[in-house]
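Trainee: got a predicted structure here, sequence first:
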Amino acid sequence: MGFQKRPGPWLTGLSAGLLLLFSWATLAQPPSLSALAHHPHLCQTSWDADGRRYPGFFCPRLTDTPEEAYCCHLLAAGGSCCTRAEFEGLYQVNLSALAPPPILRGPAPLLALGLYSLLLLALMTADLVHFCRGRGRGQSRDPGPGSQGRPSVSSAARPLQASSVEQLRKDGNELFKCGDYEGALTAYTQALDLGATPQDQAVLHRNRAACHLKLEDYDKAESEASKAIDKDGGDVKALYRRSQALEKLGRLDQAVLDLQRCVSLEPKNRVFQEALRNIAGQVQEKVRYMSSTDAKVEQMFQILLDPQEKGTEKKQKASQNLVVLAREDAGAEKIFRSNGVQLLQRLLDTGEPDLMLAALRTLVGICSEHQSRTVATLSVLGTRRVVSILGVENQAVSLAACHLLQVMFDALKEGVKKGFRGKEGAIIVDPARELKVLISNLLELLTEVGVSGQGRDNALTLLIKVVPRKSPKDPNNSLTLWVIDQGLKKILEVGGSVQDPPGELTVTANSRMSASILLSKLFDDLKCDAERENFHRLCENYIKSWFEGQGLAGKLRAIQTVSCLLQGPCDAGNRALELNGVMESVIALCASEQEEEQLVAVEALIHAAGKAKRASFITANGVSLLKDLYKRSEKDSIRIRALVGLCKLGSAGGTDFSMKQFAEGSTLKLAKQCRKWLCNEQIDAGTRRWAVEGLAYLTFDADVKEEFVEDEAALKALFQLSKSEERSVLFAVASALVNCTNSYDYEEPDPKMVELAKYAKQHVPEQHPKDKPSFVRARVKKLLAAGVVSAMTCMVKTESPVLTSSCRELLSRVFLALVEEVEERGTVVAQGGGKALIPLALEGTDVGQTKAAQALAKLTITSDPEMTFPGERIYELVRPLVSLLHLHRSGLQNFEALMALTNLAGISERLRQKILKEKAVPMIEGYMFEEHEMIRRAATECMCNLAMSKEVQDLFEATGNDRLKLLVLYSGEDDELLRQAAAGGLAMLTSMRPSLCSRIPQVTTHWLEILQALLLSPNQELQHRGAVVVLNMVEASREIASTLMESEVLEILSVLAKGKESPVARAAAASLGKAVDYGLIKPSQDGE
């Protein structure tokens, strides 16, 4: 039949009979109370009603105290150990009055035990032989691949699968011990996929929970532990791990229940008892805090809603306390449960700005990172009511409402990150629906009459932050498509509005720019040509609806909308310009007698000149018109815009010195006039902004740059304007600074390609003589002296959609140019440049983040990081610096990042742990094999400092790697600085992990030569490192010490020990002293 025969029943019966005989012979007592009195230390084996077996045990166990040496129950199922007094009191016996239990002496028990052992050995041997024979017969009868019939299922398949699960579990355990929690998690997951038994599944799930705890992913840890408990309700390890995860998640009440269950299952386990005491203390503290705040919350609302307390200091203090209380999650929950949202609604209904601010800021605390409270708040207040607060005239209230809505959006999109999770399922309906309702109300607000300009700007800002995807890797852009279908016309209506005309929407100077940015974000978030074509179609239909049949006012709105598109998604703007009659209307309106019409037309003409081919068309057809406007118009607003148009056309050649659109000296005259308007404080900021726009284009010319940085008044006016409320000027300021510092990307052309281009009569770009490095350094010094860093720091802190990712990139480029020279870095740090660089390195385009990270690396290398980045800010450096280690970065960026990380790793263990957490060690190890000697040396120095961490020491101590060998070999290299770094790491590792000393002779046969070379080096630093390594090896093992003393090392150490008092001499003397202690050498007669 294909099944193996087992030994006959007589063998089994004989074995069982002898076992019973042996048990009777050794114990010879029935399981009764009298037996327990004679054998008080034994809790006997028992079975429960479900057939579960509980093996017996002797008291005391490992978890019991020595006094608890008596079994207080007859059976092991409920057995526990207790003291003698408890035992005697429980069973009403006096152990001292009883006769001692009989001791079986004589040969009979020993003979029975011997016979049983021999028989057991014979049975095991017979069983093994029978199994092997049966397996061979089974294999011979196994049908081949070509045989017919149903294949038989071997019973060996199941043990093989079980062994695979067991092996994966063991592999996971080893990885866990080594600190590779991700690897352990993978092994446990693979074991689960093999179809483990329910018991194995419980073990694997609780092991996965332990991995997630180590990785600080407490949600998954709680989930895995719960799965283990579902498989085995009495798994105390799973219960304990779930309690740990729940504690970290703030769900203390549930954690207490798990710990109480652990203690009930293992009452004597002190770890569980201590954990229960700790968490019980936390719960009591939380209860006391909550109960103490009950009366305070009620009292605060009474004061705030009391009409008699209007405007008093008491009322102000109550509002501040309410806001502070809401910042803590427990306080926010207390306010929420105390009918707080309804009371806050009454504060909002008062219309008093101070009370509205207090209510909005308190609601921020209630909704922050809490989805259920956010949905409940919206249902009480009403989505329309919350959004309408954005449109109030009071700017502070509007900004507070904007902050509240941002928090609500984050809570709905990201979900819950802390506390009270178990109570949310019944409240949450559909967060996606709530999101769309909020966005729909924001879109409606954009075109409502009576809404303040500031409120409209805040609504646009929220849409910019919330609607587009955070990353192109996210495949879902449905929200963007929905906003385009539902609200694109409303956004275009804001972008096409004219500032402050009668009957129009109220807008600010920044409204149209914000609309342009939102349109650009939406367009960039589209994934395919069909989606972009739909965007173009909607824009063109909207423009046509105003341009055709709406008279002059309609044409003005259409042209203004085109200008908005040109500043945002320029592809859509260029297509709109090509619509029939649009460009002709722009040219015609430039000659209008009405200032408003001229303003709209000239701005459209300026924005239309962005593309080179269109700039050439306008140069041929519109320059005379712009010049005529500039010379003849009596309005400065028209003249300055015409001047900017001329500036833009004049800079169409970019930095190419050979491509000049205008005659020699024309650009200098235009720049001079721009600087004159920029310095004229009588002109409003909105008009002066255009002067900066002109300079941003003209500063492509090196002559203009030189004159501009020499004009201190112009620089001062530029920096003051960048700090003003005119946020639309930021990009122009950043562009002008990039041009002045030459921080744009520029590659020197290949001389051979230049010759080839000249031979083929192709255009070859030429660099201006004043763009040479010496001129650039001089301009940088002048900008620093004028206070450029403080101005840029203020620009980075701007919370406005105008500070786009592109603008951030420009600022990062300028910062990198400012810190290029070592002597200028102190000035940058003193003016706050270090603080401003961190947000630039964490957010923006990839190029911008890289430039900012490189600037941070330069500052970290040459200055004290703890002074430059005080407090917690220093820990934010690690991630940007690690990003420079990726292979697609340049060699210079790799080198500077390694040098900066070396400095950080030498400061504190917390920083080293941060570097390890960012997974920088594998990349640093890779650069230790780099061909470039400076990169290789920097990586070795960084690893030397990281070796102070236990995790790195474990990596060197682990078997099967060449890390230690590499350090030993590098200690013998010709590069002295590389030797110094490697020898320093070797000295540190052998000092902290003596086990590595015995492995040094195994990694290379040249180890003695390398140590001798270190000891004989003229460099004191190398000598000291070599002496420390030798001392550590001598102290680690007598065998290694003997090998060293038999070599020339003894003579070298003797000479070094007799030298001047120094660390080298002390280390050498200590090595010789240890060798004397081992008896390997004898001290000389003079005692040396």
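Mentor: In hand now; what should we look at? Here the structure is a predicted model, which means the values were calculated and not measured.

Trainee: from here on, just use CA atoms for contacts and neighbour counts.
Mentor: Will do.

Trainee: so what's the residue count around residue 42?
Mentor: Applying other Cα atoms under 10 Å, we find 25 residues neighbouring residue 42.

Trainee: chain neighbours aside, what residue packs nearest to it?
Mentor: Counting by Cα to Cα, 6 or more residues apart in numbering, the nearest residue to residue 42 once its immediate chain neighbours are dropped is residue 58, at 4.7 Å.

Trainee: now swap in residue 489 and tell me
Mentor: In this structure, residue 489 finds its nearest non-sequential neighbour in residue 542, 6.9 Å apart by Cα to Cα, 6+ apart.

Trainee: wait, is that neighbour part of a helix?
Mentor: Yes - according to DSSP: H, G, I helix; E, B strand; the rest coil, residue 542 belongs to a helix.

Trainee: what's the pLDDT at it?
Mentor: With respect to pLDDT, residue 542 scores 91.

Trainee: and if you look at the one 5 residues further on?
Mentor: Turning to residue 547, the model gives it a pLDDT of 85.

Trainee: can you check residue 219 too?
Mentor: Residue 219 is assigned a pLDDT of 88 by the prediction.

Trainee: what's around it, how many residues?
Mentor: Burial of residue 219, expressed as a neighbour count using other Cα under 10 Å, amounts to 17.

Trainee: just name whatever secondary elements the helix or strand harbouring it is in contact with.
Mentor: Following DSSP states H and E, one finds residue 219 within helix 218-231. Using 3 or more Cα pairs under 8 Å, 6 or more residues apart in numbering; DSSP states H and E as the contact definition, the elements that helix 218-231 packs against are helix 198-214, helix 236-248.

Trainee: ok, the residue most central in space within the chain - contacts?
Mentor: Residue closest to the mean C-alpha point of the chain, counted by Cα atoms, centre = their mean, is residue 879 at 7.7 Å. Residue 879 sits next to 915, 918 when contact means Cα atoms under 8 Å, 6 or more residues apart in numbering.

Trainee: repeat that for residue 897.
Mentor: With contact set as Cα under 8 Å, 6+ apart, residue 897 has these partners: 854, 857, 881-882, 884-885.

Trainee: what's the closest of the residues you listed to residue 316?
Mentor: The nearest member of these to residue 316, counting by Cα to Cα, is residue 881 at 45.3 Å.

Trainee: pretty sure the closest one contacts residue 853?
Mentor: Yes - because the distance of 5.9 Å satisfies Cα atoms under 8 Å, residue 881 is recorded as touching residue 853.

Trainee: counting neighbours, what do you get for residue 1019?
Mentor: Residue 1019: 12 surrounding residues under other Cα under 10 Å.

Trainee: tell me how far it lies from residue 667.
Mentor: 60 Å (Cα to Cα, to the nearest Å).

Trainee: and for residue 225?
Mentor: Summarising the geometry, the distance separating residue 225 from residue 667, computed by Cα to Cα, is 72 Å.

Trainee: picking that back up, report the angle between the axes of the helix holding residue 219 and helix 236-248?
Mentor: An angle of 150 degrees separates the directions of helix 218-231 and helix 236-248 when computed by axes from the mean of the first three to the mean of the last three Cα atoms, to 10 degrees.

Trainee: show me which residues of helix 218-231 are buried.
Mentor: When neighbours are counted by 16 or more other Cα atoms under 10 Å, the buried residues of helix 218-231 are found to be 218-229, 231.

Trainee: of those, which is the nearest to residue 366?
Mentor: residue 219 (22.1 Å).

Trainee: that closest one and residue 247 touch, don't they?
Mentor: No - if you go by Cα under 8 Å, residue 219 and residue 247 don't touch, sitting 11.0 Å apart.

Trainee: where in the stretch 151-300 of the chain is pLDDT low?
Mentor: Across the stretch 151-300 of the chain, residues meeting the criterion (pLDDT under 70) sit at 151-163, 286-299.

Trainee: if we can go back for a sec, my guess is the residue nearest to residue 42 contacts residue 45. True?
Mentor: No - under the criterion of Cα under 8 Å, residue 58 lies out of contact with residue 45, with a separation of 10.8 Å.

Trainee: quick one, what contacts residue 480?
Mentor: Contact criterion Cα under 8 Å, 6+ apart gives 467-468, 522, 525-526 as the residues in contact with residue 480.

Trainee: show me the shaky parts of the stretch 351-500 of the chain.
Mentor: 414-431, 498-500.

Trainee: which stretches of it form helices?
Mentor: Using DSSP state H, counting those that start in this stretch, the helices of the stretch 351-500 of the chain run over 353-367, 371-381, 383-388, 395-414, 431-446, 453-466, 478-495.

Trainee: between these, which gets nearest to residue 633?
Mentor: Comparing the helices of the stretch 351-500 of the chain under Cα to Cα, the one sitting nearest is helix 478-495, at 26.6 Å.

Trainee: buried sites along that closest one?
Mentor: In helix 478-495, counting by 16+ other Cα under 10 Å, buried: 479-481, 483-484, 487-495.

Trainee: and what of stretch 876-889?
Mentor: 876-885.

Trainee: can I get the contacts of residue 480 in TSV including neighbour count and distance to residue 170?
Mentor: Rendered in TSV, the data for the contacts of residue 480 read as follows (neighbours: other Cα atoms under 10 Å; distance: Cα to Cα, whole Å):
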residue	neighbour count	distance to residue 170
467	22	48
468	23	46
522	26	52
525	22	47
526	19	49
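
Trainee: of those residues, closest to residue 357?
Mentor: Closest approach to residue 357 among those (Cα to Cα): residue 467, at 26.3 Å.

Trainee: is it true that that closest one touches residue 478?
Mentor: No - with the criterion set as Cα under 8 Å, residue 467 and residue 478 do not qualify as a contacting pair; they are 9.5 Å apart.

Trainee: what is the neighbour count of the nearest residue to residue 211 once chain neighbours are set aside?
Mentor: Closest residue to residue 211 apart from its sequence neighbours, by Cα to Cα, 6+ apart: residue 181 at 5.4 Å. With neighbours defined by other Cα under 10 Å, the count for residue 181 comes to 22.

Trainee: angles on the backbone of residue 181, please.
Mentor: The phi and psi torsions at residue 181 (degrees, to the nearest 10) take the values phi -70, psi -30.

Trainee: from residue 194, how far out is it?
Mentor: 20 Å.

Trainee: those helices in the stretch 651-800 of the chain, which residues are they?
Mentor: According to DSSP H, counting those that start in this stretch, the helices that the stretch 651-800 of the chain contains are 666-679, 685-698, 702-710, 712-722, 730-741, 751-759, 773-786, 788-796.

Trainee: which helices and strands sit right next to the fifth one?
Mentor: If I follow you right, that is helix 730-741. Contacts of helix 730-741 with other secondary structure elements, assessed using 3+ Cα pairs under 8 Å, 6+ apart, are made with helix 685-698, helix 702-710, helix 712-722, helix 773-786, helix 805-818.

Trainee: what's next to that helix, contact-wise?
Mentor: Helix 730-741 is contacted by residues 692-693, 695-697, 699-700, 702, 705, 709, 718, 722, 744, 776-777, 779-780, 795, 802-803, 807, 810-811, 813-814, 817-818 when judged by Cα under 8 Å, 6+ apart.

Trainee: quick one: which helix or strand includes residue 563?
Mentor: Assignment of secondary structure by DSSP H and E places residue 563 within helix 551-567.

Trainee: and the helix or strand that that helix is followed by, what does it pack against?
Mentor: Per DSSP H and E, the first helix or strand lying C-terminal to helix 551-567 is helix 570-577. Packed against helix 570-577, as judged by 3+ Cα pairs under 8 Å, 6+ apart, are the following elements: helix 529-547, helix 551-567.

Trainee: at 6 Å instead, please
Mentor: The contact analysis (3 or more Cα pairs under 6 Å, 6 or more residues apart in numbering; DSSP states H and E) places helix 570-577 against helix 551-567.

Trainee: so which bits of the helix it packs on are buried?
Mentor: Buried residues in helix 551-567, counted by 16+ other Cα under 10 Å: 554-567.

Trainee: roughly how far does the nearest residue to residue 400 once chain neighbours are set aside sit from residue 461?
Mentor: By the measure of Cα to Cα, 6+ apart, the closest residue to residue 400 outside its immediate chain neighbours is residue 360, 6.2 Å from it. Here the distance between residue 360 and residue 461 works out to 18 Å (Cα to Cα).
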